[in-house]
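Chemist: quick one: sequence and predicted model below, then my questions.
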Amino acid sequence: MKSGLKKEFFWFLLLGFLSLLMFYFDRRGWLKTVRGWLERPVLGIEEKIYGFKLSAVKELDFFTSGQKQEEQILKLEGKLRQLAVDGNQLASCLEENERMRKLLGAPLPPSWKFLPAKVVGLSGQMRLDKGEKDGVKQGMMVVSENILVGRVDSVEAHSCLVTLPITPNIKIPVVVKSDRGVQAKGILTSLPGQKLILDKVLQQEDIQSGDLVVTSADWLPDLVIGQIEEVLPETAAIYRKARLSPLVDYQSLSVVFVVIKS
Amino acid sequence: MKNFLILLPVTLVLALLQGTFLSLNLLLLLVILVALVNPGKVSAFLAFWSGFLLDLASGTPLGLSSFLFLIFSFVLFLYRRRLDPSRPFLLLFFVFFFAMFFNRIVYHHWNWLPGLVLVVLVYAARPLMKYFQDFKGGVRLKI
């Protein structure tokens, strides 16, 4: 082998080894302090860039759709969200009321605390400006107006990554609720292109468009994720499928809340 | 090494954009282009540095993107003589595969769309690469 070529190989090997070493140290948590120092200025800049991006998108929307239409859509979206949340709360209250009647005197569930966090990035996963030092732990839920935004996937000293329901191949155990009560259990998955799909619903279950899909007890229960837009045509398969529309626009969120169970 | 220093601010800007909202892996595109124009030491350093910045900006484990970028650069370095002008498909195949593989490892899912966009961008950037290669006066780029 020529000496020049050997030199090139040497650099690839050295840097590759360094990368693997860095990866190992980071996974073991030995780089948390150093990463924390490096992350702080980066998070500051990213927060500004993301804020600028959100305002730019809003401006663009304003020019493309017109102010009146925009206001009307925002109002309607707000009302729809509120109605969906109210409907879910009502259904939960009715159910809880029933349970309370049966279990009078049973201890109340533990209180929840909410930690506000700013969104600093959204590419693949959502990145928040709160981390281990703020009390965030892996597996915690992230919400916005009682609507599920996602679950904390990995935590650094000053930031964390959140897996969203629109992440491809995600599987969230869910329950379908309507004014008729709990209708079905299923699994929420996502397809590329940010499409939410309700899957693994038994054929005999009664699901209709407009029904709400909420998290089941395996996650934090009763957090709204979306609404059934269309029940996909029945096939010979064992399970039924439905297309959902999320109740929150993940791309436009700037502040969310991490649920800290105390 | 001078070329590498020029590219430092570019990598920083791209890493910050990718960390915030850009889903297209432009850093990977840059690493591929530099590996084609200037294979060897410079491309290795750029791959390492770009990966480090990307991990820092997007919250992924440090070293992961660096390692993947280094593998991609190394593969292009090995196949640099086979990237023939009459057969650009090998290069485009590599780009598509790299993008898919990167998505699978870092984001845990296969996503072919960004790979396809990168393929189009690399195809469109071929005259630019040739220009830089001629300007550099080194080994002619064989695309």
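Modeler: Okay, I see it.
Chemist: what residues does the stretch 101-250 of chain A put near chain B?
Modeler: Neighbours of chain B within the stretch 101-250 of chain A, by C-beta under 8 Å from any C-beta of the partner chain: A:120-125, A:127, A:154, A:156, A:159-161, A:167-169, A:192. (Glycine included, C-beta is placed from N, CA and C.)
Chemist: what comes up buried for stretch A:72-82?
Modeler: Residues of stretch A:72-82 classed as buried: A:Arg81 (neighbour count, 16 or more other C-beta atoms under 10 Å in any protein chain shown).
Chemist: so for it, what's the average pLDDT?
Modeler: Stretch A:72-82 comes out with an average pLDDT of 83.
Chemist: mind checking pLDDT for residue 92?
Modeler: If you meant another chain, say so; for now it's chain A. For A:Ser92, the model assigns a pLDDT of 67.
Chemist: my question was about chain B, not that one.
Modeler: What the model reports for B:Leu92 is a pLDDT of 89.
Chemist: circling back to that earlier point, what subset of the residues of the stretch 101-250 of chain A next to chain B is buried?
Modeler: Among those, those that count as buried by neighbour count (16+ other C-beta under 10 Å) are A:120-125, A:127, A:156, A:159-161, A:167-168.
Chemist: which one of the residues you listed is nearest to A:Gln72?
Modeler: Set against A:Gln72, the nearest of those by C-beta to C-beta is A:Leu122 (26.3 Å).
Chemist: what does chain B put close to chain A?
Modeler: Counting by C-beta under 8 Å from any C-beta, chain B comes close to chain A at B:16-23, B:39-41, B:44-45, B:47-48, B:51-52, B:56-64, B:66-67, B:70-71, B:73-74, B:77, B:106-109, B:111, B:113.
Chemist: only the buried subset of those, as a ChimeraX command please.
Modeler: A single ChimeraX command is used to select the members of those judged buried by 16+ other C-beta under 10 Å:
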select /B:16,17,18,19,20,21,22,39,40,41,44,45,47,48,51,52,56,57,58,59,60,61,62,63,64,66,67,70,71,73,74,77,106,107,111
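Chemist: can you tell me which residues contact the nearest residue to A:Ser178 once chain neighbours are set aside?
Modeler: Nearest residue to A:Ser178 in three dimensions, chain neighbours excluded: A:Asp211, at 4.3 Å (C-beta to C-beta, 6 or more residues apart in numbering or on different chains). Taking C-beta atoms under 8 Å, 6 or more residues apart in numbering or on different chains, we find A:Asp211 in contact with A:Val176, A:Lys177, A:Ser178, A:Gln183, A:Gln227, A:Ile228.
Chemist: which members of the residues of chain B next to chain A are positioned in helices?
Modeler: B:16-20, B:41, B:44-45, B:47-48, B:51-52, B:56-58, B:64, B:66-67, B:70-71, B:73-74, B:77, B:106-107, B:113 (DSSP state H).
Chemist: the helices in chain A, which residues?
Modeler: Using DSSP H, the helices of chain A run over A:3-28, A:32-65, A:67-102.
Chemist: as a markdown table, those with distance to B:Pro88 would be great.
Modeler: Shown next, in a markdown table, are the helices of chain A (distance: least, C-beta to C-beta, whole Å):
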| stretch | distance to B:Pro88 |
| --- | --- |
| helix A:3-28 | 24 |
| helix A:32-65 | 34 |
| helix A:67-102 | 45 |
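Chemist: what's the least confident stretch among those?
Modeler: Among those, helix A:67-102 carries the lowest mean pLDDT (a mean of 72).
Chemist: with chain A as the reference, measure out to B:Leu29.
Modeler: Distance of B:Leu29 to chain A, given as C-beta to the nearest C-beta, to the nearest Å: 15 Å.
Chemist: quick one: that residue and B:Leu118 touch, right?
Modeler: Yes - assessed by C-beta atoms under 8 Å, B:Leu29 is found in contact with B:Leu118 at 5.6 Å.
Chemist: neighbour count winner among these two?
Modeler: For B:Leu29 versus B:Leu118, the count of surrounding residues by other C-beta atoms under 10 Å in any protein chain shown is larger for B:Leu118: 23 against 19.
Chemist: and the gap between the more buried one and chain A?
Modeler: From B:Leu118 to chain A the distance is 15 Å (C-beta to the nearest C-beta).
Chemist: that residue and B:Ala99 touch, don't they?
Modeler: Yes - shown here, B:Leu118 and B:Ala99 form a contact pair, counting by C-beta under 8 Å, at 4.9 Å.
Chemist: who touches both of these two?
Modeler: B:Asn25, B:Leu28.
Chemist: residue contacts, the closest residue to B:Gly40 other than its chain neighbours?
Modeler: Take B:Gly40 and drop its neighbours on the chain: the residue closest to it by C-beta to C-beta, 6+ apart is A:Glu8, 4.4 Å away. Shown in contact with A:Glu8 (C-beta under 8 Å, 6+ apart): B:Pro39, B:Gly40, B:Lys41, B:Ala44, B:Phe77.
Chemist: setting aside sequence neighbours, what's the nearest residue to the first one?
Modeler: Counting by C-beta to C-beta, 6+ apart, the nearest residue to B:Pro39 once its immediate chain neighbours are dropped is B:Phe77, at 4.5 Å.
Chemist: show the pLDDT at that neighbour.
Modeler: 90.
Chemist: residues touching it, list them.
Modeler: Contact analysis of B:Phe77 by C-beta under 8 Å, 6+ apart lists A:Glu8, A:Phe12, B:Ala35, B:Pro39, B:Gly40, B:Ser43.
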